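[1] Quick one, what's the 3D model for this:
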Amino acid sequence: MELLVLGPLELRREGRPVTVRRGRPRRLLLSLLLHRGDPVAPGTLIDRLWGDDLPVDPVNALQVLVSYLRRTLAGTRLRIEHTAAGYRLAVDPDAVDLLRVERLVAAGRAPGATPAERLRAATEALALWRGPALAEVAEDDFAQGEVARVEELRLQAHEARAEALLALGRSDDVLPDLGRLVREHPYRERFSGQLALALYRAGRQADALAVLDAARTRLVGELGLDPGPQLQELARQVLRQDPAL
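    Numbering: from 1, shown residues only. Just a heads-up that it's a prediction; the model follows:
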């Protein structure tokens with residue numbers, strides 16, 4: 001059984017989809033998942049599922065939804081347990097794409113890994129995204145922090161992949177993705193620095209300097225911030241054609 005949340009929620013058993021009713025059953029499953037196995041108080045779940053539009057008997061209504069999910073998850077590597085503190089979702093980490101991504105991103109950024117190992121880990125992590133993460137609860141207050149954290153994981157995976165490709169001497173392979181990422185995340189200095197380095201190594205010094213100048217202009221003109229020391233040093237290295245690059 002797989003629980004996929006890096007995009008629309010999907011539940012799969014042996015590669016085949018398992019139907020989970022839309023609406024509150026899915027919201028309940030995602031709400032429990034976000035707590036990483038810690039129990040969630042019934043009152044918290046009731047508030048997330050119904051807000052001010054409470055059913056006649058909210059405690060019983062929650063129990064009905066929990067029973068439905070238990071039947072749906074029966075015989076899988078996911079189960080809902082009841083404790084004195086509330087309900088918790090017990091999962092096999094390999095059964096949830098989000099948990100696999102966390103391990104892969106860590107591997108893709110590990111200092112002791114080879115560039116080839118970092119590239120494999122980062123590429124595998126990025127392949128798990130099927131769309132916006134936690135899409136069905138992305139607008140809910142209780143999920144905002146997790147949605148932001150998962151997006152940061154995705155960006156870190158892109159950074160790790162670009163770094164590995166640069167270390168492997170494959171500057172041309174990384175240029176299209178980095179160009180797009182700089183456009184989508186213009187204030188993320190590392191993408192600009194990686195793009196400039198890739199351009200420089202591809203024999204395009206003037207384009208590399210233009211990227212760095214544009215990054216500085218955005219940061220100073222729109223945010224009132226100077227580029228960080230790494231980006232400033234890279235600009236100096238590119239300008240003087242430092243052999244270290």
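
[2] Every contact and neighbour count from this point should use C-alpha atoms.
    Fine.

[3] Give me the distance between the residue nearest in space to the middle of the chain and Val101.
    For the chain, Val150 is the residue whose C-alpha lies nearest the centre (Cα atoms, centre = their mean; 3.0 Å). Between Val150 and Val101 the distance is 9 Å, computed by Cα to Cα, to the nearest Å.

[4] And for Arg204?
    34 Å.

[5] Likewise for Val59?
    35 Å.

[6] Who has more neighbours out of these two?
    Neighbours per residue (other Cα atoms under 10 Å) separate Val59 from Val101, with Val101 holding more: 25 against 14.

[7] quick one: contacts for that one?
    The neighbours of Val101, taking Cα atoms under 8 Å, 6 or more residues apart in numbering as the test, are Ala125, Leu126, Leu128, Leu153.

[8] Are we agreed that it is in a helix?
    Yes: the assignment for Val101 by DSSP: H, G, I helix; E, B strand; the rest coil puts it in a helix.

[9] SS state for the residue lying closest to Arg36 once chain neighbours are set aside?
    Leaving aside its chain neighbours, Arg36 sits nearest to Leu89 (7.5 Å; criterion: Cα to Cα, 6 or more residues apart in numbering). For Leu89, the assignment made with three-state DSSP gives strand.

[10] I'd guessed Leu89 sits against Leu78; true?
    Yes: taking contacts as Cα atoms under 8 Å, Leu89 lies within contact range of Leu78: 6.9 Å.

[11] which secondary structure elements does the longest helix belonging to the chain contact?
    Determined from DSSP state H, the single longest helix within the chain is helix 144-167. When contacts are defined as 3 or more Cα pairs under 8 Å, 6 or more residues apart in numbering; DSSP states H and E, helix 144-167 packs onto helix 97-108, helix 115-127, helix 171-184, helix 189-201.

[12] quick one: buried residues of the second one?
    Okay, so that is helix 115-127. Within helix 115-127, the residues that count as buried by 16 or more other Cα atoms under 10 Å are Pro115, Glu117, Arg118, Leu119, Arg120, Ala121, Ala122, Thr123, Glu124, Ala125, Leu126.

[13] most distant residue from the middle of the chain?
    Each residue of the chain has a distance to the centre, and by Cα atoms, centre = their mean the biggest one is for Val56: 38.1 Å.

[14] Check which helix or strand that one maps to.
    In the assignment (DSSP states H and E), Val56 maps to no helix and no strand.

[15] measure it to Leu62 for me?
    For Val56, the distance to Leu62 (Cα to Cα) stands at 11 Å.

[16] for Glu102, same thing?
    Distance from Glu102 to Leu62, by Cα to Cα: 30 Å.

[17] Compare neighbour counts for the two and give me the winner.
    Leu62 (21 against 16).
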